[in-house]
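J.: Have a look at this prediction, sequence included:
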Amino acid sequence: MFRAGVLLLFACWTCVQAVVRYDGHRVLRVVPKTPTEYETVQKLEAFAEKDNADVWRRSNGVGSPFDFRVTPDDFIVMTSWLHVHGLRYEVMVKDVEIAAQKQRQSNNKSISDIDFDYGIYHDFDEINQWITDIAAEYPNIVSVITASQTYEGRNVRGLKISVGNTTKPGLWYQGGIHAREWITPATVIYITAQLLKQYPTRSEVKEILEGFEIYVVPVLNADGYVFTWTEERLWRKTRTEHGICKGVDPNRNYGFQWGESSGSSGDPCSDTYRGPSAFSEPVIKGVTDYMKDSGVTFKGFIDFHSYSEVWMTPWGFTTDTPNDFTDQDACSAAATAALKAVHGTSYEHGTIANVLYIANGNSVDWAYGSMGIKYAATPELRDKGQFGFLLPADEILPCGEETLEGFLAYAKYVLDN
């Protein structure tokens, strides 16, 4: 069923060249070694934010990396600034365009008779077709949902997996809220396919599917995701029109603690622009309304991101921990232990603000703070920065395999507590 679509992808992959190129761009990493160095890195981050530089990862303190992309013109100026301020740097990605091309090339690796190749990245239309087809393959337990609609008029589609009675608690998981994080839709798709495939034979999967009403949205930020395939590979935001620059960071647009701390920007040109108001983005307003209006009491919520290999829980807007943190972190510990057992990938865990950085108006804080979903989590998937957002396709299946086990351990803990 999928073979024609997959072959079409291979035939036209070389023509899917983003208009924006990154020739000679580098991704630099600075790791502060002392509190004084961290203060300097904070100044660097503020400068990068003001200059609308492409920040890949923000530092959260001594020992926490700050990754950012620089153009060839900015490289000499930036490295000179770092030298003057006594900061060492490492080049994580030597040429971003070459890395992007290698990711595209790696996507061509498998032409076979299988219907759908879970080991390559798929564009939005192919993912939509997968949603339709997998629901048709499992008609007794899977149905298609439309969770929202985007600014550009795309339907945000997903799946509902319902086994047995419908009075069970809900479990929601989603990917693709940040457009350039391609590994997240790929991983969400892989997990979902394995849950359905293993349901008849694996007791852990059977317990989860019979214990929850499960809702899956592979690509939340559909407009942005399409844009990364056609125009600008490293685009992060939505595609709405707000002032001189397009787009809002959808993971700063949720209505809980929106704009209440330093964890978002009021500048429409910033990659962390929170929007003119909470829920200004149609896709975020739609998906949150869908959850609230579903009649389901959600007990679990996961918003998959990349990169950094961390498994996080609320809060993001403050470094204070919530009253439920002990239970939430125990759940994260179970998930990361199960994940590590597969390929040895070691994840940190803790709150968003303490493990990664301050971020207000995010999905997980909203899920916990507004919806009362105690076990709201946001894993940052592979890798730790060698490839960042340009993870080669040969990493998809290993990432999916380990994340599946982490997901099952997470869901088991939520079900039992």
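T.: Yes, it's here.

J.: Average pLDDT for the one helix or strand A411 maps to, rounded please.
T.: According to DSSP states H and E, A411 maps onto helix 396-416. Computed over helix 396-416, the mean pLDDT rounds to 98.

J.: Please write out the alpha-carbon positions of that helix in CSV.
T.: This file holds the C-alpha atoms of helix 396-416, laid out as CSV (Å, rounded to 0.1, in the frame of the first residue of the first chain):
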residue,chain,number,x,y,z
ILE,A,396,15.6,6.3,13.8
LEU,A,397,15.1,2.6,14.6
PRO,A,398,17.5,2.4,17.5
CYS,A,399,15.9,5.6,18.9
GLY,A,400,12.4,4.1,18.4
GLU,A,401,13.4,0.8,20.0
GLU,A,402,14.7,2.3,23.2
THR,A,403,12.0,4.9,23.4
LEU,A,404,9.3,2.3,23.1
GLU,A,405,10.7,0.5,26.2
GLY,A,406,10.9,3.8,28.0
PHE,A,407,7.3,4.6,27.0
LEU,A,408,6.1,1.2,28.3
ALA,A,409,7.8,1.7,31.6
TYR,A,410,6.4,5.2,31.9
ALA,A,411,2.9,4.0,31.0
LYS,A,412,3.1,1.1,33.4
TYR,A,413,4.1,3.4,36.3
VAL,A,414,1.3,5.8,35.5
LEU,A,415,-1.2,2.9,35.3
ASP,A,416,-0.2,1.5,38.7
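
J.: Counting neighbours, which bits of that helix end up buried?
T.: 396-397, 399-415 (16 or more other C-beta atoms under 10 Å). Using the backbone N, CA and C atoms, a C-beta is placed for each residue, glycine as well.

J.: Which elements pack onto that helix?
T.: If you count contacts as 3 or more C-beta pairs under 8 Å, 6 or more residues apart in numbering; DSSP states H and E, helix 396-416 packs onto strand 170-174, helix 183-198, helix 203-211, strand 298-303, helix 325-343, strand 375-381.

J.: ok, now which ones touch the nearest residue to K94 once chain neighbours are set aside?
T.: Among residues not flanking K94 along the chain, R26 sits closest, at 6.2 Å (C-beta to C-beta, 6 or more residues apart in numbering). Shown in contact with R26 (C-beta atoms under 8 Å, 6 or more residues apart in numbering): R69, V70, F75, V91, V93, K94, D95, V96.

J.: Please identify the most buried of the helices and strands packed on helix 396-416.
T.: Compared across those, strand 375-381 shows the largest average neighbour count, a mean of 26 (mean count of other C-beta atoms under 10 Å).

J.: partner strands of it, parallel or antiparallel?
T.: Strand pairing for strand 375-381, using DSSP bridges, gives strand 298-303 (parallel), strand 305-306 (parallel), strand 310-313 (antiparallel).

J.: Output the ones you listed in TSV; the columns should cover distance to V248 and mean pLDDT.
T.: As requested, the strands paired with strand 375-381 are exported to TSV (distance: least, C-beta to C-beta, whole Å; pLDDT from 0 to 100):
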stretch	distance to V248	mean pLDDT
strand 298-303	16	98
strand 305-306	16	98
strand 310-313	22	98
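
J.: okay if I get those as JSON lines plus distance to A222?
T.: Formatted as JSON lines, the strands paired with strand 375-381 follow (distance: least, C-beta to C-beta, whole Å):
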{"stretch": "strand 298-303", "distance to A222": "15"}
{"stretch": "strand 305-306", "distance to A222": "16"}
{"stretch": "strand 310-313", "distance to A222": "24"}
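
J.: Now do the buried residues in the host helix or strand of F227.
T.: In this assignment (DSSP H and E), F227 forms part of helix 222-230. Within helix 222-230, the residues scored as buried using 16+ other C-beta under 10 Å are A222, D223, G224, Y225, V226, F227, T228, W229.

J.: next one: stretch 23-40
T.: H25, R26, V27, L28, R29, V30, V31, P32, E37, Y38, T40.

J.: Please list the members of those that lie in helices.
T.: Mapping the buried residues of stretch 23-40 onto helices (DSSP state H) picks out E37, Y38, T40.

J.: The second one touches P32, doesn't it?
T.: Yes. Counting by C-beta atoms under 8 Å, Y38 sits close enough to P32 to count as a contact (3.9 Å).

J.: Return every residue with contacts to both of these two.
T.: Both Y38 and P32 are in contact with S59, G61, V62, where contact means C-beta under 8 Å, 6+ apart.

J.: Looking at those, which one is closest to V156?
T.: Distance to V156 across the shared contacts of Y38 and P32 (C-beta to C-beta) is lowest for S59, with 32.7 Å.

J.: For R57, see how far away the nearest residue to the closest one once chain neighbours are set aside is.
T.: Using C-beta to C-beta, 6+ apart and skipping residues adjacent in sequence, the residue nearest S59 is F66, 3.9 Å away. Separation of F66 from R57 (C-beta to C-beta, to the nearest Å): 7 Å.

J.: quick one: which of those two has more around it?
T.: F66 (24 against 21; other C-beta atoms under 10 Å).

J.: which residue lies farthest from the center of this protein?
T.: V84 (35.4 Å; C-alpha atoms, centre = their mean).

J.: circling back to that earlier point, which ones among the buried residues of stretch 23-40 map onto strands?
T.: R26, V27, L28, R29, V30 (DSSP state E).

J.: any low-confidence regions in the protein?
T.: In the predicted model of the chain, residues 1-18, 52, 109-114, 261 satisfy pLDDT under 70.

J.: one more time with 90, if that's ok
T.: 1-19, 45-53, 73-74, 77, 102, 104-116, 164-167, 242-244, 260-263 (pLDDT under 90).
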